[in-house]
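*Asks:* sharing a model prediction with you, sequence too.
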Amino acid sequence: MNAPKRRRASARRRAPKIGFVSLGCAKALVDSERILTTLRAEGYLLSSSYEGADLVVVNTCGFIDAAIDESLQTIGEALEHNGRVIVTGCLGARPERILDRHPHVLKVTGPHDYAAVLAAVHEHLPPQHDPFLDLVPPQGIRLTPRHYAYLKISEGCNNSCSFCIIPALRGRLASRRIDAVLAEAERLVGAGVKELLVISQDTSAYGADIRYERARWHDVEYQSRFLDLARALGTFGVWVRLHYVYPYPHVDEVIELMAAGHVLPYLDIPFQHGSPTVLKRMRRPAHAEDALARIAHWRRQCPELTLRSTFIVGFPGETDAEFEELLQWLRAAQLDRVGCFKYSPVEGASANAIAAHVPADIQEERYARFMECAAQISAARLQRHVGQRRRVLVDSVNDDGAIARSESEAPEIDGVVHIAEATGLSAGQWVEVEIIASDTYDLHARVAG
Ligand code: SF4
């Protein structure tokens, strides 16, 4: 058991400057190195004195009483000489110990939570991006067009769907705290993003693993939970699109935000099947919910809601009757956007062993029938938009016109809005259009006068 060691980062001359005190063991030291590496990559400089820093981070140790005392004493020292202090590390797991003695620290974050420390630094001392010197732009390196971005709110999954090996590959649900997510969203919007696409493995479960931890962001306290996240993202003034939601009752509250225009009236829910017995064999989350009743309720709450989903046909043991049940369910649900896969056995998935596999020719036939049914529904639902005025976001422009999307279309997975005459339009631009025609999956429009 080594006595906690104290290490200070060396000084450089440029603002914004961080003072950093690293206490404790080698694991804490590695944490400090990772935080400092990221801060340096973001353009922060380091100060070896409290007075020369704009803000001080103290990485604490909570191993033994002596270490706790030293941590509390160091925080006090930093407050006295600098005044702006963020605390992280092992003692951060017991924030009351810190806040009782030092109620004026800016933020307390727990051990190994790099994202939360960085978010706190960004909030209280935003990075200064220099486009001539920095190799990495403030929003990071992205592979999507400039006007939309994916916002990952968690990793892993606590469910155990029998056809899926993601929990084995990526582990259990690990949510990012809400202030870290919001800080990233703010950077993206600042860099010109007009549409945030919220993704995870199970968006409705967001925050359950961190007990919906509370965090302040721009002086408002939020819980790290689905509803608060949607509410907070709705303040950015950009499109917010929610993917991978499950039909739990608490989703109703988010639909109200959609009806009020805070987030897009668009929900991506991977239902996967409509037969209760197949859903049970799939071990799907919320399989006991009456999804049709939920859909009807949501549409009453928010009539302009677009529902998107994916399905699996030919799941092991799927009988003719169960498949017919699926088609009936689909007709009743009247989903706007639908994708479908034929079941294929992923190595390691428990579904492979639960029942006889559906022969390939029957899978093929069911797939064709399913897609035909989905196409009819899609065409009929799109028809309803003809004659409407819509605000669209232009994705690309070429010699034949522009490809755009309204609030009803997510990029890459849904249909699009074709604009025939695109003179003066450019990617990333909002345009008011009038829908003049529809086909099976797409809408056709002209720029509104
Ligand atoms: S399919 Fe099921 S187990 Fe796999 S990631 Fe999605 S919710 Fe989790």
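*Replies:* Thanks, I have it. Numbering: from 1, shown residues only.

*Asks:* the ligand contacts on the stretch 251-400 of the chain?
*Replies:* Pro285 (C-beta under 6 Å from any ligand atom). Every C-beta, even on glycine, is put in place using the N, C-alpha and C of the backbone.

*Asks:* tell me which stretches of the stretch 251-400 of the chain form strands.
*Replies:* Along the stretch 251-400 of the chain, counting by DSSP state E, counting those that start in this stretch, strands occupy 266-268, 306-313, 337-342, 389-398.

*Asks:* out of the ones you listed, deepest packed?
*Replies:* strand 266-268 (a mean of 25; mean count of other C-beta atoms under 10 Å).

*Asks:* Arg146: how many residues sit nearby?
*Replies:* 13 (other C-beta atoms under 10 Å).

*Asks:* coming back round to it: and the strands of the stretch 251-400 of the chain: which comes nearest Ile35?
*Replies:* strand 266-268 (34.1 Å; C-beta to C-beta).

*Asks:* mind putting the strands of the stretch 251-400 of the chain in CSV, mean pLDDT included?
*Replies:* Shown next, in CSV, are the strands of the stretch 251-400 of the chain (pLDDT from 0 to 100):
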stretch, mean pLDDT
strand 266-268, 96
strand 306-313, 96
strand 337-342, 94
strand 389-398, 95
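
*Asks:* tabulate those strands in a markdown table, adding columns for distance to Leu55.
*Replies:* Below are the strands of the stretch 251-400 of the chain laid out as a markdown table (distance: least, C-beta to C-beta, whole Å):
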| stretch | distance to Leu55 |
| --- | --- |
| strand 266-268 | 39 |
| strand 306-313 | 43 |
| strand 337-342 | 46 |
| strand 389-398 | 37 |
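
*Asks:* looking at those, spot the one closest to Ala380.
*Replies:* For these, distance to Ala380 was read as C-beta to C-beta. The smallest value, 12.8 Å, belongs to strand 337-342.

*Asks:* and Val386, how close does it get to the ligand?
*Replies:* In this view, Val386 and the ligand are 36 Å apart by C-beta to the nearest ligand atom, to the nearest Å.

*Asks:* now Pro167, what's its secondary structure?
*Replies:* Assigned by DSSP: H, G, I helix; E, B strand; the rest coil, the conformation of Pro167 is helix.

*Asks:* how close does it sit to the ligand?
*Replies:* 5 Å.

*Asks:* got it, and Glu186?
*Replies:* Taking C-beta to the nearest ligand atom, one finds Glu186 at 28 Å from the ligand.

*Asks:* between the strands of the stretch 251-400 of the chain, which gets nearest to Asp290?
*Replies:* strand 306-313 (15.4 Å).

*Asks:* between that closest one and strand 337-342, how many degrees?
*Replies:* With axes from the mean of the first three to the mean of the last three C-alpha atoms, to 10 degrees as the basis, strand 306-313 and strand 337-342 are set at 10 degrees to each other.

*Asks:* distance from strand 306-313 to the middle of the chain?
*Replies:* With C-alpha atoms, centre = their mean, to the nearest Å as the basis, strand 306-313 stands 19 Å off its chain's centre.

*Asks:* check which helices and strands it sits against.
*Replies:* strand 266-268, helix 320-333, strand 337-342, helix 360-383 (3 or more C-beta pairs under 8 Å, 6 or more residues apart in numbering; DSSP states H and E).

*Asks:* and the residue of the stretch 1-150 of the chain found nearest the ligand, what are its phi and psi?
*Replies:* Going by C-beta to the nearest ligand atom, the ligand is nearest to Tyr150 of the stretch 1-150 of the chain, at 16.1 Å. Tyr150 adopts backbone torsions of phi -90, psi 140, taken as degrees, to the nearest 10.
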